[in-house]
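S.K.: need a 3D model of the sequence below.
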Amino acid sequence: MLPLTLLTLLLPTSALPLNSHPNIKATAIPAYNITSFSAGAVILSHRVYYRFNVSHTPNQPPVECSALGTTLDEDLSSIPQTICGDPSTSKVSFKWTRHEDGSADLFVRHEVEGDGDSDGVTEEAIHAVKKNETVVVGSGQLAHRVYQGPEEFSIPAFRFHAS
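M.R.: Take a look at the predicted model:
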């Protein structure tokens, strides 16, 4: 199975992958386009939401991604890999990873071929969310963190397959 963290092998500022796995080939593909991105902790509910559309294939309609999670501190907590769109047919998923410094990563994955085994082909894209793009609004018991970065952005993407 191809690991979900293949993009961690890439330098954030590099257009070419630095892949230390000689049996996995990485190829740059057109960027994924993210639209209508929103995320936030829901006041006094211990819930957090993520919602956006991703266009991962040219000339295809975007796929809607959303998740509802739990947060004990009204922050944008991490969300595990979550299927986008119709779970019975979608091969697109995303994950939100919150870092201790307040930054986060949005990871989008598309299973192109196979079922995730070693012969499968995946496309992966990761977007670094700066800590100043998530801010605390409100005060006292009404304080909660929301995403205030761009609602639309492109993420460099790579196709991974066994060589």
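
S.K.: all strands of this structure, in order?
M.R.: Under the criterion DSSP state E, the chain carries strands at the ranges 24-42, 47-55, 63-70, 79-83, 92-98, 104-113, 121-129, 134-137, 144-147, 153-162.

S.K.: need the ones you listed in a markdown table with mean pLDDT and mean neighbour count, can you?
M.R.: C-betas here are computed from N, CA, C, even on glycine. Listed next are the strands of the chain as a markdown table, based on pLDDT from 0 to 100; neighbours: other CB atoms under 10 Å:
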| stretch | mean pLDDT | mean neighbour count |
| --- | --- | --- |
| strand 24-42 | 94 | 17 |
| strand 47-55 | 96 | 19 |
| strand 63-70 | 95 | 17 |
| strand 79-83 | 96 | 16 |
| strand 92-98 | 96 | 20 |
| strand 104-113 | 92 | 20 |
| strand 121-129 | 95 | 20 |
| strand 134-137 | 93 | 15 |
| strand 144-147 | 94 | 20 |
| strand 153-162 | 92 | 18 |
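
S.K.: quick one: residues contacting the residue of the chain positioned farthest from its centre.
M.R.: For the chain, the residue at maximal distance from the C-alpha centroid (CA atoms, centre = their mean) is G140, at 30.4 Å. Contact partners of G140, counting by CB atoms under 8 Å, 6 or more residues apart in numbering, are absent.

S.K.: for the residue nearest to L106 when sequence neighbours are not counted, give me its contacts.
M.R.: Of all residues not flanking L106 in the chain, H127 sits nearest, at 4.4 Å (CB to CB, 6 or more residues apart in numbering). By CB under 8 Å, 6+ apart, the contact set of H127 is 34, 105-106, 108, 153, 155.

S.K.: kind regards, and thank you for your time.
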